[in-house]
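>>> what follows is a predicted structure for the sequence shown.
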Amino acid sequence: MSLRLHPKVHIQKLTIGSENAPLLVLDNCIEDPERMVERAVSKSFVDGGRFYPGIRARAPLQYKQFLLEQLSGLLVDYFQLGGMRLSLSMCHYSMITKPAQQLEWIQRIPHIDTVQSTSLASIHYLFREPHGGTAFYRHRSTGYEVVNEGRRQDYFSTLQKEAADPKFTGGGYINGDTPFFEQVHAEEGLFNRMLIYRSNSLHSGSIGEDFVPDTDPRSGRLSINSFIDAK
């Protein structure tokens, strides 16, 4: 199985929020995305760990090759990674399956994946139902939309203090403005759409109150999530 960009892929090069964080949106991303769904059906998913509210399974090697071989030029150019080599530290099928009432507090707020500005994250939506997309946020008290190495200590120490407030996390998945975070941009989860952004942008899945967890890759909130590092 080989993967190729769809001949009619549509690429948007966006900057979002007051800090102008770069965001790529690739619609109609790959040819025959249904094959990727069917490959997921045969996978054995496992718990995603403390920070991810769902289950995961390794994506096919061909998908990793697709990211590094067919998208590298676009990524190096748009995210200004000239002279660096790209590699993958994670590339997994992912399905959000945790009921809202069972979330840990850290799963109820926006997050970053790393403070490194040369690390990218991607999400490739492989569901057709309205299971929600991805949103980006500003932390109100610090004003940060991006948490880099220089902001790390200030941001996380402030976060720990705010976490003592009963209103901090709300009652379920974050999906819009809260007293502590302001949504600055959102993208809908459309079948065969891929988002690529810097891993240190504050972000979260947009999961509505009516979301019903589903572990079937053909009908659940299936995506492929990857971490792309440049060194």
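Ah, there it is. The structure presented is a predicted model; accordingly, all values stated were derived computationally and were not measured.
>>> the residue nearest the centre of the chain in helix, strand or coil?
In the chain, the residue lying closest to the centroid (Cα atoms, centre = their mean) is I123, at 4.8 Å. What DSSP: H, G, I helix; E, B strand; the rest coil gives for I123 is strand.
>>> just D229 next, same as before
Applying three-state DSSP: D229 is strand.
>>> you'd agree it is up against L86?
Yes: between D229 and L86 a contact is recorded at 7.1 Å, counting by Cβ atoms under 8 Å. C-beta coordinates here come from the backbone N, C-alpha and C atoms, glycine included.
>>> if the residue nearest to the centre of the chain is in a bridge, with which residues?
Under the criterion DSSP bridges, I123 forms beta bridges with L195, N225.
>>> in contact with it, which residues?
For I123, the contact set (Cβ atoms under 8 Å, 6 or more residues apart in numbering) comprises T134, M194, L195, S223, I224, N225.
>>> show me what contacts N200?
Counting by Cβ under 8 Å, 6+ apart, N200 has contacts I112, D113, T114, V115, Q116, S117, S119, V146, V147, N148.
>>> any idea how far the last one lies from V115?
Taking Cβ to Cβ, to the nearest Å as the measure, N148 falls 5 Å from V115.
>>> try S157
Relative to V115, S157 is positioned 14 Å away (Cβ to Cβ).
>>> higher neighbour count, the two?
Per other Cβ atoms under 10 Å, whichever of S157 and V115 has more neighbours is V115, with 17 against 10.
>>> confirm that that one sits in a helix.
No: counting by three-state DSSP, V115 is not found in a helix; it is coil.
>>> quick check: it touching R152?
Yes: judged on Cβ under 8 Å, V115 makes contact with R152 at a distance of 5.1 Å.
>>> what's the model's confidence in the longest strand belonging to the chain, averaged?
If you go by DSSP state E, the chain has its longest strand at strand 86-96. Mean per-residue pLDDT for strand 86-96: 97.
>>> quick one: strands adjacent to that strand?
When DSSP bridges is applied, strand 86-96 pairs with strand 54-58 (antiparallel), strand 222-230 (antiparallel).
>>> where does L68 sit: helix, strand or coil?
helix.
>>> list the contacts for the nearest residue to it once chain neighbours are set aside?
Distances taken as Cβ to Cβ, 6 or more residues apart in numbering place L86 nearest to L68, at 5.7 Å, with adjacent residues excluded. Shown in contact with L86 (Cβ under 8 Å, 6+ apart): L68, S72, L75, V76, I228, D229, A230.
>>> and if we set it to 10 Å?
Going by Cβ atoms under 10 Å, 6 or more residues apart in numbering, L86 touches 67-69, 71-72, 75-76, 118, 120, 228-231.
>>> do V212 as well
V212 touches P99, E129, H131, S219, G220, R221, counting by Cβ under 10 Å, 6+ apart.
>>> out of the residues you listed, who has the most neighbours?
Greatest neighbour count in these, by other Cβ under 10 Å, goes to R221: 24 neighbours.
>>> if we ignore the residues flanking it in sequence, what's nearest that residue?
R221 sits nearest to H131 (Cβ to Cβ, 6+ apart), 4.0 Å away.
>>> S119 too?
S199 (4.3 Å).
>>> that neighbour contacts P22, correct?
No: S199 is beyond contact range of P22, at 11.9 Å (criterion: Cβ atoms under 10 Å).
>>> low pLDDT regions in the chain?
Scanning the chain for pLDDT under 70 picks out the ranges 1.
>>> just the strands in it please.
Remark: strands assigned in the chain by DSSP E are 10-16, 21-27, 46-47, 54-58, 86-96, 119-125, 134-139, 181-187, 194-198, 203-205, 222-230.
>>> appreciated, that's everything.
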